[in-house]
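Visitor: pasting the structure only:
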């Protein structure tokens, strides 16, 4: 350990960070552009929270800690919480307590900022994965457990091939039935946007409203957003391409709890999948839902298959 130097991020470390990331996190490779966009240009990025280990000039490990500097909505800064969105250590150094030392330093950084709890890795807006994928990174899962992290809940990622997708007749019948009852299903228009962003933020998640707003500013096509109304009132929405401009990435997607059980989500989901297929997309995927949630059941019935599992973990800092 005497030959290993620990310090925070400095400009110029980016190439080694991306290189070691791709060497270690083989199921989640990243490009320099994505690293720049998701980490360095994040409004919450603080160089002091990115703890690095070097042997000589060679980067051998990283643990990244972050806290909210910019509120997701209103003035809420979640002042009790911090996050570790990612960590990695070169395989040949994992028995030398490099990761543990980096984690101690990252945790101390969060404590000094008054944080009482740290999560892996449910950070918004720029999470890479929602939690630890224990199947693909067993050593990483063991490292978190060894250092006091506990599972808060689990999530699954799902994918669906659209190559043979067709809108089934029963969906068409259900949609027509709901239309006759006063529901409408349309592509979003400018007149819908203020209400849509408020609805997604207040009923579901502030990150959803942020994602919709930012992607529209960055060129998301209005035809990629579908909305549902009941007698004129917005009750649901569905879109694709809402994160990082990846068109095959599905979501966000939600229906007001008071309207669930009526097939509104099913209609929006299948209309969106049809839209995606019409634009020659071959796959739909997303990173995060509860396997046994109502959304999880809906996705399974629509032919989505679980492709990864994640454990969202936390640790109390005091």
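Guide: Cool, got the structure. Computed from a predicted structure; not experimentally measured. Numbers count the residues shown, from 1 in each chain.

Visitor: residue contacts, residue 239?
Guide: Residue 239 is in contact with 212, 220, 224, 225, 226, 251, 252, 253, 272, counting by C-beta atoms under 8 Å, 6 or more residues apart in numbering. C-beta coordinates here come from the backbone N, C-alpha and C atoms, glycine included.

Visitor: ok, what's across the strand from it?
Guide: For residue 239, the beta-bridge partners under DSSP bridges are residue 225.

Visitor: residue 273 is in contact with residue 302, isn't it?
Guide: Yes. Under the criterion of C-beta atoms under 8 Å, residue 273 makes contact with residue 302 at 7.2 Å.

Visitor: helices of the protein, start to end?
Guide: Using DSSP state H, the helices of the chain run over residues 14-24, 32-35, 98-112, 138-146, 169-180, 193-199, 206-217, 264-278, 294-301.

Visitor: pLDDT on the second one, on average?
Guide: Per-residue pLDDT values over helix 32-35 give a mean of 98.

Visitor: who does that helix touch, helix- and strand-wise?
Guide: Using 3 or more C-beta pairs under 8 Å, 6 or more residues apart in numbering; DSSP states H and E, the elements in contact with helix 32-35 are helix 14-24.

Visitor: tally up the residues packed near residue 55, please.
Guide: Residue 55 has 16 neighbouring residues, counting by other C-beta atoms under 10 Å.

Visitor: who touches residue 305 in this structure?
Guide: When contacts are counted by C-beta under 8 Å, 6+ apart, residue 305 touches 158, 159, 160.

Visitor: what spatial separation is found between it and residue 157?
Guide: 10 Å (C-beta to C-beta, to the nearest Å).

Visitor: what does residue 71 give?
Guide: Look at residue 71 and residue 157: by C-beta to C-beta, they are 28 Å apart.

Visitor: higher neighbour count, those two?
Guide: The residue with more neighbours, out of residue 71 and residue 157, is residue 157; 19 against 11, by other C-beta under 10 Å.

Visitor: and the closest residue to the more buried one other than its chain neighbours, how many neighbours?
Guide: Nearest residue to residue 157, sequence neighbours excluded (C-beta to C-beta, 6 or more residues apart in numbering): residue 308, at 4.2 Å. Counted by other C-beta under 10 Å, the residues lying close to residue 308 total 19.

Visitor: who touches the residue nearest the centre of the chain in this structure?
Guide: In the chain, the residue lying closest to the centroid (C-alpha atoms, centre = their mean) is residue 127, at 5.0 Å. Counting by C-beta under 8 Å, 6+ apart, residue 127 touches 85, 121.

Visitor: if I look at it, how far off is residue 66?
Guide: 10 Å.

Visitor: what about the residue nearest to residue 174 when sequence neighbours are not counted, how many neighbours?
Guide: Spatial nearest neighbour of residue 174, chain neighbours left out: residue 263 (5.0 Å); criterion: C-beta to C-beta, 6+ apart. Applying other C-beta under 10 Å, we find 20 residues neighbouring residue 263.

Visitor: for residue 263, what are phi and psi?
Guide: phi 80, psi 10 (degrees, to the nearest 10).

Visitor: wait, doesn't it sit right on residue 181?
Guide: No. In this structure residue 263 lies outside contact range of residue 181 using C-beta under 8 Å: 10.9 Å.

Visitor: if we can go back for a sec, joint contacts of residue 273 and residue 302?
Guide: residue 160.

Visitor: how many neighbouring residues does residue 21 have?
Guide: Neighbour number of residue 21 under other C-beta under 10 Å is 19.

Visitor: state the distance from it to residue 254.
Guide: Taken as C-beta to C-beta, the span from residue 21 to residue 254 is 32 Å.

Visitor: domain ranges for this structure, per the record?
Guide: Following automatic domain parsing, the chain resolves into domains at 4-154, 164-281.

Visitor: turn those domains into CSV, columns for distance to residue 292.
Guide: As requested, the domains of the chain are exported to CSV (distance: least, C-beta to C-beta, whole Å):
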stretch, distance to residue 292
domain 4-154, 10
domain 164-281, 15
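
Visitor: state the mean pLDDT of stretch 307-318.
Guide: Here the average pLDDT along stretch 307-318 is 97.

Visitor: how about residue 198: what's its closest non-neighbour residue?
Guide: Counting by C-beta to C-beta, 6+ apart, the residue nearest residue 198 is residue 209, at 7.2 Å.
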